[in-house]
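Student: For reference, the sequence and a predicted model appear below.
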Amino acid sequence: MTSIMSILMSKTIRILGVDPGYGRMGYGIIDCQGNKLKHIDNGVVETPSGDDFPDRLHFLYKNLTKIIKKYKPEVMAVEDLFFYKNSKTAIKVGQARGVIVLTGVVNHLQIMEFTPLQVKQAVACYGRAEKSQVQRMIKVILNLITVPKLDDAADALALAICASSNYKLHIC
């Protein structure tokens, strides 16, 4: 008789990590099967800087919807906002994050939210790790040849990795 744990560990879960931003939104997609992680894709969506802010939010929505339709993830990991020196920037990033979360909900994804500290802890085993340490660990964990060129894409992959370990805890 097969145990429920072995069934859960054999199922492949596709996870979409999203690093929120209104000028540039990072995304990273991985497959998680048991303890194995496989890199699927990563990149950024850049909004046209000359567009009005509502149009930039709509651009994020349309492009994130395309990514979701193409890769069909089951889980979306999104960074929780923390501290921004500029409150105007924080508000705009918060609005972009709201659009991102809503896009996930509309597409029936399980939403998981993580602070930067939680992501660093999950990826580099140290909540105060430097960005370069996290990026090197992403490369190792996902067996990549190089670190993603843009920080936003690397951050999104780190979110997906964080979600994979938390998802396993959540279902057990």
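Tutor: Happy to help now that I have it.
Student: which residues of this structure fall in strands?
Tutor: Along the chain, counting by DSSP state E, strands occupy 12-19, 24-33, 36-46, 75-79, 110-114.
Student: Can you tell me what sits against the first one?
Tutor: Outside of strand 12-19, the residues within contact range by Cβ atoms under 8 Å, 6 or more residues apart in numbering are 25-33, 40, 64, 67-68, 71-79, 100, 104, 109, 152-153, 155-164, 167. C-beta here means a position set from N, CA and C on the backbone, and glycine is covered the same way.
Student: Count the neighbours of Gln106 for me.
Tutor: In this structure residue 106 is Val, not Gln. 11 (other Cβ atoms under 10 Å).
Student: wait, what's in contact with it?
Tutor: Per Cβ under 8 Å, 6+ apart, neighbours of Val106: Thr65.
Student: Okay, it and Asp152: tell me how far apart.
Tutor: 22 Å (Cβ to Cβ, to the nearest Å).
Student: Ok, which of the strands of the chain comes nearest Val147?
Tutor: Nearest of these to Val147, taken as Cβ to Cβ: strand 36-46 at 10.4 Å.
Student: gap between that closest one and the chain center?
Tutor: Distance, stretch centre to chain centre, for strand 36-46: 9 Å (Cα atoms, centre = their mean, to the nearest Å).
Student: average model confidence for that strand?
Tutor: For strand 36-46, mean pLDDT is 97.
Student: quick one: strands adjacent to it?
Tutor: With DSSP bridges as the test, strand 36-46 is paired with strand 24-33 (antiparallel).
Student: Which of the residues in the partner strand are classified as buried?
Tutor: Across strand 24-33, burial judged by 16 or more other Cβ atoms under 10 Å covers 24-32.
Student: Take these and lay them out in a markdown table including pLDDT and distance to Arg56.
Tutor: Rendered in a markdown table, the data for those read as follows (pLDDT from 0 to 100; distance: Cβ to Cβ, whole Å):
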| residue | pLDDT | distance to Arg56 |
| --- | --- | --- |
| Arg24 | 96 | 11 |
| Met25 | 98 | 10 |
| Gly26 | 97 | 15 |
| Tyr27 | 98 | 16 |
| Gly28 | 98 | 21 |
| Ile29 | 98 | 23 |
| Ile30 | 98 | 27 |
| Asp31 | 98 | 30 |
| Cys32 | 96 | 31 |
